[in-house]
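[1] Turn this into a model:
(one chain, ligands or ions: 1)
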Amino acid sequence: MSVLVVGSVALDSVETPRDKREDILGGSASFFSTVASMLTSVRLVAVVGEDFPAEHLEMLAARGVDLEGLQKADGRTFRWSGRYHGDMVGRTTLDTQLNVFEHFKPQLPDSYRDSDLVFLANIHPELQGDVLAQVKDAKFVALDTMNFWLTEPHVELLRPLLKRVDAIILNDEEARMLSGQHNLVKAAAAIRLMGVGHVVIKRGDAGAMLFDDGGIFWAAAFPLENVVDPTGAGDSFAGGFMAYLAHAGAFNTMEIRRAMIVGSAAASFAVEDFSVDRFRNLTRDQLLARCAAFAKLVEFESIVL
Ligand code: AMP
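    As a prediction, the model looks like this:
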């Protein structure tokens, strides 16, 4: 099955306590499609400016990502910069420049309209809605967002979308903002009442939780010795999650729980290097091996007392 993604394609500048990079490939849709292309075919909807390096497009094309829906506009590419705190979890956004995204109107190529799965990655909710309106009969739609879009007036555009998606993927702080509840079980229940069947709450190095009709499922964050750059972990999670579902072709709770593990495995690779670099030579077997390592983390013999 094919996956369509709309989101940001960006040039990021990232500072960690140990290192620093400028104008590296970033953006929600870049991480998503780099990961998802390991398992399925991906159609990308986004915009870049005249300054966007051709090598990034070549890398995505070489992975089989369909770039027909990627517009090139006059002006500068979307830019984001952030600094990580000493714990490598907390971060401060230093700057967000929408640039070409300010006037972007997504126009889906005809060949994209029959996409089976749609991922509305972190981008202006109006653009997420525009894309969804152009897709016919998608089988599974998921949406990601961030604190920036959960403030007035943007959040009012997000609310109607929640009734039209099957899953929402957001972090704990965002779940609290959207629901007005501090406790995450209560927050997920409140978000489900807004019309979303599957609520995925990402908790950084505390893993990710799924709340749906099947109850609560928790996927650990893979314990790593060396975290280089956490940027894009969430989008990589979504890439693994959606690509697994596209591969499975079914969307019941058990498949969604497996998708949580593939997403967590992808996120654990993302943080091991800057930008999408860890995925450049990563094989499907390495991804699968890490999925298997997740099962080992919670394997134990029955407890007999
Ligand atoms: P994550 O670490 O998963 O939150 O994703 C970080 C990525 O999101 C970076 O590569 C940024 O380029 C991108 N990003 C940051 N802010 C925004 C925004 N307001 N809209 C769209 N993408 C953004």
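[2] and the stretch 101-250 of the chain, which residues reach the ligand?
    Selection of the stretch 101-250 of the chain residues close to the ligand by Cβ under 6 Å from any ligand atom yields Asn122, Ile123, Phe148, Thr231, Gly232, Ala233, Gly234, Asp235. All C-beta spots, glycine's among them, are computed from the backbone N, C-alpha and C.
[3] Quick check on these: which are buried?
    Asn122, Ile123, Thr231, Gly232, Ala233, Gly234, Asp235 (16 or more other Cβ atoms under 10 Å).
[4] JSON lines for those, including secondary structure?
    As requested, these are exported to JSON lines (DSSP: H, G, I helix; E, B strand; the rest coil):
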{"residue": "Asn122", "secondary structure": "coil"}
{"residue": "Ile123", "secondary structure": "coil"}
{"residue": "Thr231", "secondary structure": "coil"}
{"residue": "Gly232", "secondary structure": "coil"}
{"residue": "Ala233", "secondary structure": "helix"}
{"residue": "Gly234", "secondary structure": "helix"}
{"residue": "Asp235", "secondary structure": "helix"}
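[5] Which single residue of the stretch 1-150 of the chain approaches the ligand most closely?
    Closest to the ligand within the stretch 1-150 of the chain is Gly26: 2.9 Å, counting by Cβ to the nearest ligand atom.
[6] pLDDT value on that residue, please?
    Looking at Gly26, its pLDDT is 98.
[7] who's in contact with it?
    Ser8, Ala10, Leu11, Asp12, Val14, Trp80, Thr231, Gly232, Ser275 (Cβ atoms under 8 Å, 6 or more residues apart in numbering).
[8] List phi and psi for it.
    For Gly26, the backbone dihedrals (degrees, to the nearest 10) come out as phi -150, psi -170.
[9] ok, now Leu60?
    The phi/psi pair for Leu60 (degrees, to the nearest 10) is phi -70, psi -40.
[10] and the gap between it and Glu68?
    For Leu60, the distance to Glu68 equals 12 Å [Cβ to Cβ, to the nearest Å].
[11] ok, those two, which is more surrounded?
    Comparing Leu60 with Glu68 by other Cβ atoms under 10 Å, the one with more neighbours is Leu60, at 22 against 13.
[12] So Gln71 versus Phe52, what's the distance?
    Gln71 is 11 Å from Phe52, by Cβ to Cβ.
[13] More neighbours: the two, which one.
    Higher neighbour count among Gln71 and Phe52: Phe52, with 21 against 16, using other Cβ under 10 Å.
[14] what's around the nearest residue to the more buried one once chain neighbours are set aside, how many residues?
    Take Phe52 and drop its neighbours on the chain: the residue closest to it by Cβ to Cβ, 6 or more residues apart in numbering is Thr77, 4.7 Å away. Around Thr77 there are 26 other residues, counting by other Cβ under 10 Å.
[15] Per-residue pLDDT of Thr77, please?
    So Thr77 comes in at 98 (pLDDT).
[16] quick one, what contacts it?
    Thr77 touches Val9, Ala10, Leu11, Val48, Gly49, Asp51, Phe52, Asn99, Val100, counting by Cβ under 8 Å, 6+ apart.
[17] re earlier: between the buried ones among the residues of the stretch 101-250 of the chain next to the ligand, which sits nearest the ligand?
    Set against the ligand, the nearest of these by Cβ to the nearest ligand atom is Gly234 (3.1 Å).
[18] these two touch, right, Cys291 and Ile261?
    Yes - contact status for Cys291 versus Ile261: in contact at 5.3 Å, counting by Cβ atoms under 8 Å.
[19] the more surrounded of these two?
    Ile261 (23 against 19).
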